[in-house]
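Asker: give me a model of this one.
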Amino acid sequence: MSLTDRLIKASGVEHVSVLSESEIYNSKDNIPTPVPALNIAYSSWPDRGFVPGLTIWAGPSKHFKTLFCLISAASYMVKYPDAVCMFYDSEFGTPETYFKSVGIDPSRVIHVPITSMEQLRTELTNTMNVIKRGDHVVVVIDSLGN
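Answerer: Predicted coordinates for the structure are as follows:
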């Protein structure tokens, strides 16, 4: 048995593998939005969008950060009809009509009001502990700055 094989076998991590064969590292799902300029911002291509991972929108108040997040979440939810949106909310300024305006069915959104970073950390940890590989969940945090 090679050293690589022995090291992989010794790991307790579920999806450990050689990088070139990694099902996690090598599978990048592309989610285009209906807004070409937003797709360019995400991927430098007008017909491609974002890939799963972390995206942060930062800027002054009233510069459409929440809208960009919701357009992206809606695109993910269109691609995956079984997807659920976890909406962690510290601002309490996003009405249900805002979700509907970008095509998000509010019955597929779980609203989690948060009032502190510690509460957000706890709630995110609880959420991540129940999500399984292959579940379709998009997380929006609005906002870390508040």
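Asker: could you pull out the helices for the protein?
Answerer: 3-10, 36-43, 65-79, 96-101, 117-130 (DSSP state H).
Asker: restrict the last one to CA atoms and write it as CSV.
Answerer: Same thing as helix 117-130. What follows is helix 117-130 as a C-alpha-only set of coordinates in CSV (Å, rounded to 0.1, in the frame of the first residue of the first chain):
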residue,chain,number,x,y,z
MET,A,117,-22.8,37.6,16.3
GLU,A,118,-22.9,35.0,19.0
GLN,A,119,-26.5,34.1,18.2
LEU,A,120,-25.6,34.0,14.5
ARG,A,121,-22.7,31.7,15.2
THR,A,122,-24.9,29.3,17.2
GLU,A,123,-27.7,29.3,14.7
LEU,A,124,-25.3,28.7,11.7
THR,A,125,-23.7,25.9,13.6
ASN,A,126,-27.0,24.3,14.4
THR,A,127,-28.1,24.7,10.7
MET,A,128,-24.8,23.2,9.3
ASN,A,129,-25.1,20.2,11.7
VAL,A,130,-28.4,19.1,10.1
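Asker: that helix - contacts with which helices or strands?
Answerer: strand 84-89, strand 137-142 (3 or more Cβ pairs under 8 Å, 6 or more residues apart in numbering; DSSP states H and E). For the C-beta atoms, the positions are set from N, CA and C on the backbone; glycine is no exception.
Asker: how about 7 Å then?
Answerer: Here helix 117-130 touches strand 84-89, going by 3 or more Cβ pairs under 7 Å, 6 or more residues apart in numbering; DSSP states H and E.
Asker: return the list of strands paired to the strand it packs on, each annotated with direction.
Answerer: strand 109-113 (parallel), strand 137-142 (parallel) (DSSP bridges).
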